[in-house]
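Trainee: what's the 3D shape of this:
(2 chains)
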Amino acid sequence: MFKKNTVAAGVAAFATIALATGCAVAEGNKSDDVDITAMSADELAEYMIFESDSFRYDQVPQEGGTMEERMTQDEIQAACSIEGDPDGETAGRVVALAREQYEAPEGDIELGDWQRGEELAFSGYGYRIGHRIDDHSTREAGGNCVNCHVFDEDGPAQGTIGPSLVNYGATRGDSQAIREYVHQVINNPHQYFPCAEMPRFQGLLSEEQISHIMAYMLDPESPVNN
Amino acid sequence: MFKKALLALPVAMAVGGAAQAGEWQDPADVLNNLLEANPDSAYLHQSEMNIMMMPDNPALWVADDGEELFYQERGPNNASLESCDFGKGPGVLDGAYVELPRYFEDVGKVMDFEQRLVHCMKEIQGFDEDDAAVAQRHGSGSDIMQLTTYIAMQSSGMEWQPQNDHPEEQALIAAGEKLFFRRGGAQDFNCAACHGQSGKRIRASVLPQMRNSQEWTKAVSWPAQRAGHDNVRSQNHRIRGCVWQMRHAAIKPDSMANTALIAFWNDAARGEPAILPDLKR
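Mentor: Purely as a prediction, here's the structure:
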C-alpha cells in the first residue's frame, strides 16, 4: 500500500483543489483574489502548492490516486520539513511514527540475487512525472541507491550524500539480526535516522526487489564485499 | 562581432554611471575571482574543462542571437522589446536581471524574469499564448532562451539583489524558503536533501550548498550552457529538472510557486556577483 493513503485524510486543510486545466503554463498567480501578505510563510507555501495553479495536477501518479495526494504531506514529511537536524522532541516523534509505519516481514528474511540488486541499486528509473513520465509498465522502478551511497569503488561514479556502504556485509556479517536491521532501514530509515534524506522504500519497491538489494549489500559474493 | 560588443559594454556602463550594485564584468572573470576566493570548494572547481572553456562559452553566441531578436520589430504588433520594462524603466537592461523577481505595479504582482519577458512579448509584440515565440521555453534555438541569455548578460558581475521592499516580494521570498525545505512527493525529497551540505555528490556531480552564497551564486547563475545537454538552459529549466528528480508534481512556468522558488534562490545568493552566462556540466 502506498504510504500516503493512511494519512492523506488528516491533512485536508488546504486541499481545496484547483480545477485541472491541462494547461502547461500557469494562468498567472492569483494574487488578485487573495492577500498573500496576510498569510504566514507556511500558509502561503501550502496555498502555492494546492491552490495557486502552480502544479500540473492533471497527471496520474504511478502509484495510483492523484498528484494532489502525492503532494500532500504525511506526518513524517511535515515534521522533517526543517533546516538541519531535528530537535530531540521531533526526532523522538519521527522515530515513533516510523516504527508505526514499518511493516516487518513474516518469518526469516531471505536474500535475493545480488546481481539483480546491483541493477536496482544503479537504476534511477521510477516515479518521475512531468515533461517525461516514467512508465512502470515498460520498466520497473529502481532504488536509485548509488545516487547517494558508494557501494563498489570499482564501479561507475556513485554519490556521497549518504554513508559509504563499501564492505557493508564483509564487516557486519549476514546474520538474521543484520538482515532485519537492513530491511528496516531500507523500508523506513527514520526508525534509526529521524529526518534522514533517504526515501522510505516501503511501498515503492516490492519485497522481492528489496531482497535483491539486500543481497547486493550482504552476499559474500557481491562486489560490495570484495 | 560579439567580442566587440563584450568590450564595448563596460565602457558604456562607466559612462552611464549606472545605479546597480557592481559594474559589468566578463563572466569568465567573475568565475575566476570566485575560484580564487574558494580554493577548497569542490563544487566550484569540479570541471577543469568547463572552467577552461568559459572564454569560448557557446552561450555567448546565443546571447548574440538574442541581441538581434531584442531590437527586431516582431510579432503581430511589429514592435521591438525596447519598451519592455524589466523593473528599471523601459528598455533598461543593465543590472535588471539580477534584481528580479520584483513587484510590478502594472500587473499588481511579483514576476520572475521569464514571466516578465513573456508578458512583454504578449503585451508589446502581440504574441499569443500558443505562438512558438512564447510557448517554446527551452533550447538554444528558442526565442525565449536567446532573449534571456542576451538580457541576463547585461547583469554579469553585478550582485544578486532580488527586490524585497514590497510586502509581496517579502512574502514570496519567505514562502520560497518554506518550499525549499518542504519534504514531499513519492520519495520524501526536498531541495535541501541535495543542497544542504557542501562537497557532496549525486553520482559524479558535486552539488552546491544553498547556504554557501559563493557556491550558490554559481548554482543560480542561469542562463548557462549546459555542456551535457549541448544547450543553454534557464533557471526555469533547472527548477523543472530538480522537481522531476524529486518525484514531486510538475511545476508550471510563470506560476506563483515557481516565482517564489526563484525569489528565494536569488535571495540566497544576495550580494554575490552573477556569472552571466555561465557554463555548467
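Trainee: from here on, contacts and neighbour counts on C-alpha atoms
Mentor: Will do.
Trainee: so how far is residue A:134 from the residue positioned nearest the centre of chain A?
Mentor: Geometric centre of chain A, nearest residue: residue A:199, 2.8 Å, by Cα atoms, centre = their mean. Residue A:199 is 18 Å from residue A:134, where distance means Cα to Cα, to the nearest Å.
Trainee: cool, residue B:191 as well?
Mentor: 21 Å.
Trainee: now do residue A:219
Mentor: Noted for residue A:219: a distance of 30 Å to residue A:134, by Cα to Cα.
Trainee: Which one's more surrounded, these two?
Mentor: Using other Cα atoms under 10 Å in any protein chain shown as the criterion, residue A:219 and residue A:134 rank with residue A:219 on top: 23 against 17.
Trainee: hang on, isn't that one packed against residue A:118?
Mentor: No. Using Cα atoms under 8 Å, residue A:219 is not in contact with residue A:118, being 11.4 Å away.
Trainee: What are the boundaries of the strands in chain B?
Mentor: Along chain B, counting by DSSP state E, strands occupy B:102-104, B:109-111, B:201-202, B:205-206, B:224-226, B:231-233, B:278-280.
Trainee: Parallel or antiparallel, list what pairs with the third one.
Mentor: Here the strand partners of strand B:201-202, with direction, are listed using DSSP bridges: strand B:205-206 (antiparallel).
Trainee: contact partners of the strand it pairs with?
Mentor: The contact list for strand B:205-206, computed with Cα atoms under 8 Å, 6 or more residues apart in numbering or on different chains, reads A:159, B:42-43, B:46, B:199-200.
Trainee: and residue 136, how many neighbours does it have?
Mentor: Just so you know, I chose chain A. So residue A:136, with other Cα under 10 Å, has 13 neighbours.
Trainee: other chain: chain B
Mentor: When counting by other Cα under 10 Å, one arrives at 14 neighbours for residue B:136.
Trainee: And it, how close does it get to residue B:214?
Mentor: Noted for residue B:136: a distance of 32 Å to residue B:214, by Cα to Cα.
Trainee: Can you name every helix or strand that the longest helix seen in chain A contacts?
Mentor: Longest helix in chain A, counting residues (DSSP state H): helix A:88-101. For helix A:88-101, the packing partners by 3 or more Cα pairs under 8 Å, 6 or more residues apart in numbering or on different chains; DSSP states H and E come out as helix A:75-79.
Trainee: Mind checking if stretch B:111-119 is in reach of chain A?
Mentor: No. Applying Cα under 8 Å from any Cα of the partner chain, one finds stretch B:111-119 separated from chain A by no less than 9.0 Å.
Trainee: can you give me the mean pLDDT across that stretch?
Mentor: For stretch B:111-119, the mean pLDDT works out to 98.
Trainee: Check what contacts it and list those residues.
Mentor: Residues contacting stretch B:111-119 (Cα under 8 Å, 6+ apart): B:86, B:97, B:100-104, B:134, B:144, B:148, B:253-254, B:259, B:262-263.
Trainee: Return the nearest residue of chain B with respect to chain A.
Mentor: residue B:203 (4.0 Å; Cα to the nearest Cα).
Trainee: my guess is that residue meets residue A:157, correct?
Mentor: Yes. Between residue B:203 and residue A:157 there is a contact under Cα under 8 Å: 5.1 Å.
Trainee: Look at the two and report which has more neighbours.
Mentor: residue B:203 (20 against 17).
Trainee: For the more buried one, give me its contacts.
Mentor: Per Cα under 8 Å, 6+ apart, neighbours of residue B:203: A:146-148, A:157-160.
Trainee: From residue B:112, how far out is it?
Mentor: Residue B:203 is 31 Å from residue B:112, where distance means Cα to Cα.
Trainee: nearest spatial neighbour of the residue of chain B most remote from its centre, skipping sequence neighbours?
Mentor: The C-alpha centroid of chain B is most remote from residue B:186, which lies 28.5 Å away (Cα atoms, centre = their mean). Nearest residue to residue B:186, sequence neighbours excluded (Cα to Cα, 6 or more residues apart in numbering or on different chains): residue B:247, at 5.6 Å.
Trainee: show me where pLDDT drops low in chain B?
Mentor: Filtered on pLDDT under 70, chain B yields the residue ranges B:1-20.
Trainee: mind listing the helices for it?
Mentor: B:2-16, B:27-37, B:48-53, B:59-71, B:113-123, B:132-135, B:143-153, B:167-181, B:192-195, B:213-219, B:235-245, B:256-268.
Trainee: mind putting the ones you listed in CSV, mean neighbour count included?
Mentor: Formatted as CSV, these follow (neighbours: other Cα atoms under 10 Å in any protein chain shown):
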stretch, mean neighbour count
helix B:2-16, 12
helix B:27-37, 17
helix B:48-53, 14
helix B:59-71, 20
helix B:113-123, 21
helix B:132-135, 17
helix B:143-153, 26
helix B:167-181, 23
helix B:192-195, 20
helix B:213-219, 24
helix B:235-245, 19
helix B:256-268, 27
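Trainee: now those as CSV including distance to residue B:225?
Mentor: Shown next, in CSV, are these (distance: least, Cα to Cα, whole Å):
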stretch, distance to residue B:225
helix B:2-16, 17
helix B:27-37, 12
helix B:48-53, 10
helix B:59-71, 5
helix B:113-123, 17
helix B:132-135, 20
helix B:143-153, 10
helix B:167-181, 25
helix B:192-195, 21
helix B:213-219, 12
helix B:235-245, 12
helix B:256-268, 19
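Trainee: tally of neighbours for residue A:206?
Mentor: Neighbours around residue A:206, by other Cα under 10 Å: 12.
Trainee: Repeat that for the one 3 residues further on.
Mentor: Burial of residue A:209 is recorded as 21 neighbouring residues (other Cα under 10 Å).
Trainee: And the helix or strand hosting it, what's buried?
Mentor: Element membership for residue A:209 (DSSP states H and E) is helix A:207-218. Residues of helix A:207-218 classed as buried: A:207, A:209-218 (neighbour count, 16 or more other Cα atoms under 10 Å in any protein chain shown).
Trainee: what's the answer for stretch A:169-182, then?
Mentor: A:169-170, A:174, A:179, A:182.
Trainee: Format these as TSV; extra columns: distance to residue B:228 and pLDDT.
Mentor: Shown next, in TSV, are the buried residues of stretch A:169-182 (distance: Cα to Cα, whole Å; pLDDT from 0 to 100):
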residue	distance to residue B:228	pLDDT
A:169	36	98
A:170	37	98
A:174	41	96
A:179	40	98
A:182	36	98
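Trainee: Which of these fall within helices?
Mentor: Short answer: these in helices (DSSP H) are A:169-170, A:179, A:182.
Trainee: Make TSV out of the residues you listed and add distance to residue B:75.
Mentor: Shown next, in TSV, are these (distance: Cα to Cα, whole Å):
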residue	distance to residue B:75
A:169	65
A:170	67
A:179	65
A:182	61
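Trainee: which one among those residues gets closest to chain B?
Mentor: residue A:182 (18.3 Å).
Trainee: Name the nearest residue to residue 179, sequence neighbours excluded.
Mentor: I went with chain A, as the question did not name one. residue A:109 (6.6 Å).
Trainee: The intended chain is chain B.
Mentor: Spatial nearest neighbour of residue B:179, chain neighbours left out: residue A:45 (6.1 Å); criterion: Cα to Cα, 6+ apart.
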